[in-house]
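Peer 1: Got a predicted model here, sequence first, then my questions.
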Amino acid sequence: MVTLRYSIISCIAGLLLLSSCKESPKLPIFGEREAKTVTRADGTKGVDTVYQTIPAFSFLNQDSTPITNATFKDKIYIADFFFTTCPSICPIMHRNMKAIYDDYKDNPDLMFLSHTIDYKYDKPSVLKKYAEKLGVDGKKWEFAYGPKAEVYKLAETGYLSTVIEDKTAAGGYVHQGYLILVDKDRRIRGAYDGTNDEQVAQLKKDIPVLLAEYKK
Amino acid sequence: MRNLILCSVICAVFVLMIASCQTADNLERDMYYTNGRDIYIKHCQNCHGAKGEGLAALTPPLTDTVFLKANKQKLACIIKNGLKGEIVVHGKSFNDQMPPNGTMADIDIAQVIVYITNANGNNQGMYTPAQVAADLAACR
């Protein structure tokens, strides 16, 4: 764990160094990585770095329609974990996410994915009402409902909360309120405290940087 | 022209200086307001917003001066016991749930009331813990 953290830190530092001399900086890639033998496009075999990606998932959205990774194909997206009756940090996170949502209303390349962690109360119909009250309609912002075990596991292993946040912090991801930026290859490119104005401002700066990576 | 602007700036500064020579009453209100703002930031701002703007159709704003005046005697109950059911604020309907602040002391409730009824366009003056206690005794 410690070595992992070190390697990530040094990796980020390296990336920062690299990016400081380039015209268009790139965001770091979070998570574990390993060298794997891959088959290249021309059929030859070689070794390449494989990055951790968001695992496959299947949940119901606010319209009770199944959503999976495929729903976010060729999109970058911002993911978070919340619940509709959350009295503390979720309103702040979603106030901030909503502002970004409004800014990118006409940009189909950016989507939003909010996982409820209240599997008892937040059924799709409840999520629907919440979305409407938040002023969200259409397919750009998905609210995902799923079984506790799956959602919690996805948060912990898929969204790397332990890597990003100190493990001594009680409650981990749920109470830290991270907004997680995922690229089109399902890799985590940033995690921002959704209740912290400075970090949210950084997220707003990073979105165009990530979008630019995919501009050919 | 320049001189005129300069003159009015100086004038304005003077007026402000005089206005800031407060009476004891105003001083108490200002202390309540300042403490109330801290309580607001800690307990209310996440939902009601830094400028009392609310959050979409989820949380009503605190900028409806008419609503806050008309419901002044109910504010202590709303803060202490929470609120649910439909209400109309700024002509918009809200129907959600505000959690209670059951352990909040009367003085803190009074301070946060002074804050919300004097910030964001409101201007209702002082409110005392005694008034809060009386309001709470009459909560339904």
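Peer 2: Arrived safely.
Peer 1: ok, residue A:83 touching residue A:115?
Peer 2: No. Proximity of residue A:83 to residue A:115 does not meet the contact threshold set by C-beta atoms under 8 Å, at 9.4 Å. Glycine gets a C-beta too; all of them are placed from N, C-alpha and C.
Peer 1: if you count what's nearby, which of the two comes out ahead?
Peer 2: residue A:115 (24 against 20; other C-beta atoms under 10 Å in any protein chain shown).
Peer 1: Check the contact between that one and residue A:153; I expect there is one.
Peer 2: No. If you go by C-beta under 8 Å, residue A:115 and residue A:153 don't touch, sitting 11.3 Å apart.
Peer 1: Quick one, grab the pLDDT at residue B:122.
Peer 2: Residue B:122 is assigned 97 on the pLDDT scale.
Peer 1: Could you find the closest non-adjacent residue to it?
Peer 2: residue B:65 (5.1 Å; C-beta to C-beta, 6 or more residues apart in numbering or on different chains).
Peer 1: Same question for residue A:88.
Peer 2: Using C-beta to C-beta, 6+ apart, the closest residue to residue A:88 is residue B:46 (6.3 Å).
Peer 1: okay, now that neighbour: neighbour count?
Peer 2: 21.
Peer 1: did I read that right, it in a helix?
Peer 2: Yes. Counting by DSSP: H, G, I helix; E, B strand; the rest coil, one finds residue B:46 located in a helix.
Peer 1: Which residues are in contact with it?
Peer 2: Residue B:46 sits next to A:87, A:88, A:89, A:91, A:92, A:195 when contact means C-beta atoms under 8 Å, 6 or more residues apart in numbering or on different chains.
Peer 1: Run a quick neighbour tally on residue A:58.
Peer 2: Neighbours of residue A:58 (other C-beta under 10 Å): 13.
Peer 1: show me the contacts for it.
Peer 2: A:66, A:67, A:68, A:146.
Peer 1: What of residue B:3?
Peer 2: Residue B:3 sits in contact with no residue, where contact means C-beta under 8 Å, 6+ apart.
Peer 1: Name the nearest residue to residue 32, sequence neighbours excluded.
Peer 2: Going with chain A. Nearest residue to residue A:32 in three dimensions, chain neighbours excluded: residue A:52, at 4.7 Å (C-beta to C-beta, 6+ apart).
Peer 1: wrong one, I was asking about chain B
Peer 2: Nearest to residue B:32 is residue B:114, by C-beta to C-beta, 6+ apart, at 4.0 Å.
Peer 1: Can you report phi and psi for that neighbour?
Peer 2: phi -60, psi -40 (degrees, to the nearest 10).
Peer 1: Report how many residues lie close to it.
Peer 2: Residue B:114, neighbours per other C-beta under 10 Å, totals 25.
Peer 1: need the contact list for it.
Peer 2: By C-beta under 8 Å, 6+ apart, residue B:114 lies in contact with B:29, B:32, B:33, B:36, B:126, B:127.
Peer 1: Nearest to residue A:210 among these?
Peer 2: Within the contacts of residue B:114, the smallest distance to residue A:210 is 41.6 Å, found for residue B:36 (C-beta to C-beta).
Peer 1: So for that closest one, what's the pLDDT?
Peer 2: For residue B:36, the predicted pLDDT is 98.
Peer 1: helix or strand for the residue nearest to it when sequence neighbours are not counted, which one?
Peer 2: Spatial nearest neighbour of residue B:36, chain neighbours left out: residue B:115 (3.0 Å); criterion: C-beta to C-beta, 6+ apart. Element membership for residue B:115, per DSSP states H and E: helix B:106-116.
Peer 1: What residues of that helix count as buried?
Peer 2: B:106, B:108, B:109, B:110, B:111, B:112, B:113, B:114, B:115, B:116 (16 or more other C-beta atoms under 10 Å in any protein chain shown).
Peer 1: So which residues make contact with the longest helix seen in chain B?
Peer 2: For chain B, the longest helix by residue count, based on DSSP state H, is helix B:24-43. Contact with helix B:24-43 is made by B:22, B:48, B:101, B:104, B:108, B:110-116, B:118-119, B:125-127, as judged by C-beta under 8 Å, 6+ apart.
Peer 1: helices and strands of chain A: which one bottoms out on pLDDT?
Peer 2: The weakest-scoring helix or strand in chain A, judged by mean pLDDT, DSSP states H and E, is helix A:161-164 (a mean of 44).
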